[in-house]
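In: predicted model and sequence follow; I will ask about them next.
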Amino acid sequence: MTTHFKLAAAGLLLTGLIAAAGCNQPNATTEPAAAEAPAASPDVYRFKVGTIETIALRDGGMSGVPNDNTILGVGRTPAEVSAVLTANSLPGDTFDLSIQPLLVRDGQRLVLIDAGAGTNMGEGAGKLPASLRAAGVEPSTITDVLISHGHGDHVGGLVDAAGALTYPNATVRMSAPEWTALQAQAPLAALVAAIAPKVETFEPGAQVTPAVLAVPIRGHTPGHTGYEVRSGDDRLLYIADSAHHHVVSVQKPDWANSFDGNPQAMQSRIALLGRAADENLRLYAVHFPFPGIGRVTRREDGTLVWAPEGSGATGS
């Protein structure tokens with residue numbers, strides 16, 4: 001059972017308004033008014049990548065996780081992790097991790113990147129279908145679900161509490177190595193059986209939809225994949241589980257965490273975050289504070305810092 005599952009165990013469509021044209025002539029035609037925009041929701045954050053509409057969707061997360069080195073700062077001490085947290089105006093004894101999959105309107109396709117936790121984390125997550133509806137999107141209209149990796153907080157939402165497909169009309173796409181690894185996870189056998197007819201695999205680095213490129217980010221799981229959304233000269237890199245905490249993972253990228261399956265993940269994190277700072281890359285971090293969009297900058301002393309876009313938190 002993965003660490004994600006161990007931790008988890010511990011723990012409308014809006015209707016368009018149609019208005020008749022005010023005309024008394026017998027042959028007058030009536031035309032529908034434009035559909036009313038969905039009401040604002042704290043679980044929905046709309047933004048653009050070039051001309052592409054992208055939407056951050058809250059699934060939930062984990063709150064008040066103890067700072068005991070079982071997750072962050074493995075091999076360090078609680079005091080070391082606490083010092084980093086408190087220096088950034090955060091509590092030192094606990095921390096929070098968010099989950100926000102990303103929706104991309106790719107031409108005629110509605111592409112969802114990762115599916116959230118579903119029922120795997122109790123009441124702390126599983127809000128993604130409701131967030132989609134708050135954004136004016138029915139789960140049945142999703143055409144593609146791109147999976148970064150097979151941990152429960154990324155694939156659990158592919159099925160509902162009864163085991164039925166949450167996105168019945170979607171193709172589920174993931175890297176070939178990740179699908180092989182997912183099929184070997186005994187706790188996910190029922191989920192694997194449910195999604196198998198919908199799965200299409202790709203090789204690392206493939207162009208998976210017209211606007212989305214798969215980006216291998218090695219170490220976290222056998223086929224761990226980020227996704228780059230491209231529109232013209234604009235880019236957004238979905239970093240998946242390259243980094244989990246917006247302060248500790250960014251400011252101490254060389255510190256281990258228990259979610260990573262291979263030490264290579266640490267080297268990938270160091271390289272990715274360093275490149276992000278050097279090239280001013282726009283990132284989407286699924287576990288950083290909602291909505292998870294931002295950039296990495298460097299202080300004068302060389303320390304990397306998360307600089308959020310939108311309503312997210314930041315390290316000082």
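Out: Happy to help now that I have it.

In: burial of Pro42, as a residue count?
Out: Neighbourhood size, Pro42 [other C-beta atoms under 10 Å]: 10. For every residue, glycine as well, the C-beta is placed using N, CA and C.

In: quick check, it in a helix?
Out: No: per DSSP: H, G, I helix; E, B strand; the rest coil, Pro42 lies outside any helix segment and is coil.

In: could you measure it against Ala56, distance?
Out: 11 Å (C-beta to C-beta, to the nearest Å).

In: cool, Gly302 as well?
Out: Remark: distance between Gly302 and Ala56 (C-beta to C-beta) = 30 Å.

In: who has more neighbours out of these two?
Out: Ala56 (25 against 8).

In: OK, contacts around that one?
Out: Contact analysis of Ala56 by C-beta atoms under 8 Å, 6 or more residues apart in numbering lists 44-47, 100, 102, 284, 290-293, 310.

In: most neighbours of all these, which one?
Out: Gln100 (30 neighbours).

In: ok, longest helix in the chain?
Out: Across the chain, the longest stretch assigned as helix under DSSP state H is helix 264-279.

In: what are the buried residues along that helix?
Out: The neighbour-count check on helix 264-279 (16 or more other C-beta atoms under 10 Å) flags 265-266, 268-269, 272-273, 276-277 as buried.

In: now those in JSON lines, with distance to Phe202 and pLDDT?
Out: Below are these laid out as JSON lines (distance: C-beta to C-beta, whole Å; pLDDT from 0 to 100):
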{"residue": "Ala265", "distance to Phe202": "21", "pLDDT": "96"}
{"residue": "Met266", "distance to Phe202": "26", "pLDDT": "96"}
{"residue": "Ser268", "distance to Phe202": "19", "pLDDT": "97"}
{"residue": "Arg269", "distance to Phe202": "23", "pLDDT": "98"}
{"residue": "Leu272", "distance to Phe202": "20", "pLDDT": "98"}
{"residue": "Leu273", "distance to Phe202": "25", "pLDDT": "98"}
{"residue": "Ala276", "distance to Phe202": "24", "pLDDT": "98"}
{"residue": "Ala277", "distance to Phe202": "29", "pLDDT": "98"}
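
In: could you single out the nearest of those residues to Gly232?
Out: Ala276 (20.0 Å; C-beta to C-beta).

In: look up how far Pro253 lies from that closest one.
Out: Using C-beta to C-beta, we find Ala276 at a distance of 11 Å from Pro253.

In: Ile113 too?
Out: Taking C-beta to C-beta as the measure, Ile113 falls 23 Å from Pro253.

In: ok, which stretches of the stretch 201-316 of the chain are strands?
Out: Remark: strands assigned in the stretch 201-316 of the chain by DSSP state E, counting those that start in this stretch are 207-209, 212-216, 225-231, 234-238, 256-257, 283-284, 293-298, 304-309.

In: helices and strands around the third one, which ones?
Out: Under the contact criterion of 3 or more C-beta pairs under 8 Å, 6 or more residues apart in numbering; DSSP states H and E, the helices and strands touching strand 225-231 comprise strand 44-49, strand 52-57, strand 212-216, strand 234-238.

In: need the winner for burial among those strands.
Out: strand 52-57 (a mean of 22; mean count of other C-beta atoms under 10 Å).

In: give me the angle between that strand and strand 234-238.
Out: 30 degrees (axes from the mean of the first three to the mean of the last three C-alpha atoms, to 10 degrees).

In: one step back: of all the contacts of Ala56, the one with the weakest confidence?
Out: For the contacts of Ala56, the weakest pLDDT value sits at Gly310, with 72.

In: so who does it touch?
Out: Applying C-beta under 8 Å, 6+ apart, the residues contacting Gly310 are 45, 47, 56, 291, 293-294.

In: try Gly292
Out: 56, 98, 100, 284-286, 312.
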